[in-house]
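Peer 1: below: sequence and its predicted model.
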Amino acid sequence: MMLTIRAHLWRFLPAFFLIGIMWLLWKALYIKNIPEDQISSKPFPSFSLNDVRHEEKAVTLADLQGQVSIVHVWASWCDVCVREHQEWLNIINQWPYPLVGMVYRDDANTVKTILAEKGDPFTLLLNDRTGQLGVDLGIVGTPETFIVDANGVIRYHHLGAIDQAYFESELLPVLKQLNGNDVG
Amino acid sequence: MIPEFGLFSLILALLLSSVLMLLPPLGVVYSRFAYLQNLARPSAMAICLFVVLSFCTGIACFVQNDFSVEYIAQNSHSTLPLVYRFCAMWGAHEGSLLLWACILSLWTLAVALFSRQLSPAMQSTTLAILGAINVGFLLLILQTSNPFLRLPVPAADGADLNPLLQDPGFVIHPPFLYMGYVGFAVPFAFALAGMLVKDYQSTWSQLARPWALLAWAFLTLGITLGSWWAYYELGWGGWWFWDPVENASFMPWLLGTALVHALNISARSRFLMSWSALLAICTFVLSLMGTFLVRSGVISSVHMFASDPLRGVFILAFLAIVLVGAFGIYLKRFPKNTNNPSHLFSKQSLIVLGNMILFVTTLSILLGTLFPLFMEVINDKKMSVGPPFFNSVFLPLVLPLLLLMVITPYVHWDEDNLKALWQRIKKPAAMLILLLPAWFLMKTLSWFTIAWTTLGSVLVLATIMLRNSKRTLPKLGMTFAHIGIGLATMGVALTTALQTEKELKMAVGETVVIQDHQFTFIEMKNIEGSNYQGRQGHFIVKQNQSQVHMYPEKRYFIPREIPMTETAIDAGLLRDIYIALGESLGEGSWSVRIYIKPFVRWIWLGGILIALGASCSAISAFREGVKK
């Protein structure tokens, strides 16, 4: 009996092959794709601001270009933002995309205190003291989050706080798609 | 009330399909319940009645502009012309599935009507398998894609049918394609039933052959029509894009080609039984997979944001059941080859060789089609596999296939030797040598084009010169089909090599000369249709003494706010002139695409001939079946 099974094992080959294909198709069902027309394409406004942590250094739009980055607008006076901070620490810990923070009409020292207390997930942290960049971006309220592609074009915009699950389901696919397009 | 009538018919059809799937096999297994086998044919007929009724109800709702039905509100509009309201039924997901089910029930009916000469066991097993496939599809429709769902509040007007689909090509293309796809369910059912019912283990391929040929003929026509539609509707002048949706129909076609040839052997000599059964299963599975790829949104997911994965899961589960069931039966009781050919060099072995090549070709196209998905699943990288891959894999594989097609008809069925064969193929071989320099004289052609064109023309001539037997119907079928392949090959090679594509800026009154054709842009005027407004250009094309008027259009469809290009084509057997209007560039000038495509018609002419040949062979195979 065993012998006959072994002798005819090759006949199961197509079955294994097809099972592999079925698995592939099943996984493919759950891939998220973002259609082009649902992605905004406004260029990120140009700016020249200081980093909260390094006052002497000016950051400009050119620093954003060259990689896909997340731009997160928040403020220390915004309760929701401060509570959201932990989520960003977790997110960046798990998916280390460049995260550019922008504190909106805020006091640099309070911000530094929060960072020292909770942790600092930001690659850059712009200090929009006058709120000019916020106005140029068309901020409705804090917190807001943007995804900016390597050419400095805004490709995604979210109003309100984000948690890890939301990031994974909504922002991550966009980030992957943008990064994938750059590679391809 | 009317949409509910359609829904009710569908539910009835589902119940009847379950009856067909369960009861007659019970009668086959337990002789006590043998009378249950009598249920098979009547229930097959009733299923067909109710599914067709449901389908017609859907069409009636479309014609009446019943925008309280969600599907109709999404895919129709009160200004949509009547003919497109008819076929808007299969313009989107839900309706296409219903068309699928409708055609499946028609095939089931056909089997019920033309299988009276079979034993009750074979008849009811075959019909029960078709019934099971019916159950799967009707469940899919009712569970995930009900076309008769009502809106909570009726819509004031619909969102209109996609303008791409408002075209005569679309009216007939999907039904033919589905006739082909779904038709392969019949050989599949015969193959399984043949393995299950002992007496038929050696004869199922005779029964399956006419159906396989017929399905293959329909699929050929469907693909040909699809290619023709893409050519004039998309405005880019391309006739094949290696797009995953096209591949999804091309793979079953390739395997179907292998299947009809394998059945030709196994129906006569009991050789290749197991292989034919495997091909019958794989062809149908590929058809199902094609349906999955197109319908689940996996491939065209760029157009469907967050589409419901449940549909895909459902089709996939169905596919899994079909696979497990079919391969389970196959592995358990696969038919044994009793009559292996004693001679290596014979028509049979050459056909086997052709089968191998077709199988490998199908696998490589499958690889190319699924590879982007694979990369995305494994690696999270987006990429696309385009024409460069498919062309470089497909063309070298088809070359030996064409050579085989030239030689094989000259070879004797059971045994042959090279010396005797040489006597028979001297003439075609001489032609090859004569034709080659003739093509070389056209210095502009590359050696690659020359090779292909020569092979194509030799295939045509060699097939015509084949005179070793009488012109019987099956011979005629083979002749037509092979000539069709030859013509299509020549068409593909010559169009690709000789076409001229120009994109120009033209103002009204301007004249350009492309090759020896003189194009004059006479005027531009406004036009209006029932659901669109547009601009129509008037061109005069002069060549030597003759002149043609051509009217390309730019249409703007009002309900969906989509602009569309309507190309103007002057079709000819030797060349097509193709004008498509681009964007307005201001000051009365327009961007205009002008293509001259020599021999492009030959591709579709070939397709039609193949389908014609397959139908001839199908008819003669049916007749043979009746005689027995």
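Peer 2: Here it is on my side, so go on.
Peer 1: hey, let's count contacts and neighbours off CA atoms from now on
Peer 2: Fine.
Peer 1: quick check: residue B:59 vs residue B:560, distance?
Peer 2: Distance of residue B:59 to residue B:560, computed by Cα to Cα, to the nearest Å: 21 Å.
Peer 1: between these two, which has more neighbouring residues?
Peer 2: residue B:59 (22 against 16; other Cα atoms under 10 Å in any protein chain shown).
Peer 1: pretty sure the more buried one is touching residue B:89, no?
Peer 2: Yes. Assessed by Cα atoms under 8 Å, residue B:59 is found in contact with residue B:89 at 6.0 Å.
Peer 1: quick one: the residue most central in space within chain A from residue A:118, how far?
Peer 2: Nearest residue to the geometric centre of chain A (Cα atoms, centre = their mean): residue A:70, 4.5 Å. Counting by Cα to Cα, the gap from residue A:70 to residue A:118 is 20 Å.
Peer 1: over to residue B:266?
Peer 2: 76 Å.
Peer 1: with residue B:491 instead?
Peer 2: 70 Å.
Peer 1: residues touching the nearest residue to residue A:87 once chain neighbours are set aside, list them.
Peer 2: Nearest residue to residue A:87, sequence neighbours excluded (Cα to Cα, 6 or more residues apart in numbering or on different chains): residue A:163, at 5.6 Å. By Cα atoms under 8 Å, 6 or more residues apart in numbering or on different chains, the contact list for residue A:163 reads A:84, A:87-88.
Peer 1: switch the cut-off to 10 Å
Peer 2: Residues in contact with residue A:163 (Cα atoms under 10 Å, 6 or more residues apart in numbering or on different chains) are A:84-88, A:90-91.
Peer 1: please apply the same query to residue B:356.
Peer 2: Counted by Cα under 10 Å, 6+ apart, residue B:356 has contacts B:258, B:350, B:362, B:401.
Peer 1: helix or strand: which one has it?
Peer 2: helix B:347-379 (DSSP states H and E).
Peer 1: alpha carbons only: can I get the following helix or strand past that helix in PDB?
Peer 2: Counting by DSSP H and E, the element after helix B:347-379 in chain order, helix or strand, is helix B:387-407. Taking C-alpha atoms only, helix B:387-407 is exported to PDB below (Å, rounded to 0.1, in the frame of the first residue of the first chain):
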ATOM      1  CA  PRO B 387       4.400  42.500 -22.800                       C
ATOM      2  CA  PRO B 388       8.200  42.100 -22.700                       C
ATOM      3  CA  PHE B 389       8.000  39.000 -20.500                       C
ATOM      4  CA  PHE B 390       5.000  37.500 -22.300                       C
ATOM      5  CA  ASN B 391       6.400  38.100 -25.700                       C
ATOM      6  CA  SER B 392       9.800  36.700 -25.000                       C
ATOM      7  CA  VAL B 393       8.300  33.600 -23.400                       C
ATOM      8  CA  PHE B 394       5.300  33.100 -25.600                       C
ATOM      9  CA  LEU B 395       6.900  33.600 -29.100                       C
ATOM     10  CA  PRO B 396       9.700  31.000 -28.800                       C
ATOM     11  CA  LEU B 397       7.200  28.500 -27.500                       C
ATOM     12  CA  VAL B 398       4.800  29.000 -30.300                       C
ATOM     13  CA  LEU B 399       7.400  28.700 -33.000                       C
ATOM     14  CA  PRO B 400       7.900  24.900 -32.700                       C
ATOM     15  CA  LEU B 401       4.100  24.600 -32.300                       C
ATOM     16  CA  LEU B 402       3.600  26.200 -35.700                       C
ATOM     17  CA  LEU B 403       6.200  23.900 -37.200                       C
ATOM     18  CA  LEU B 404       4.400  20.900 -35.700                       C
ATOM     19  CA  MET B 405       1.100  22.200 -37.200                       C
ATOM     20  CA  VAL B 406       2.700  22.300 -40.700                       C
ATOM     21  CA  ILE B 407       4.000  18.700 -40.400                       C
END
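Peer 1: which helices and strands sit right next to helix B:387-407?
Peer 2: helix B:347-379, helix B:418-441, helix B:447-465, helix B:473-498 (3 or more Cα pairs under 10 Å, 6 or more residues apart in numbering or on different chains; DSSP states H and E).
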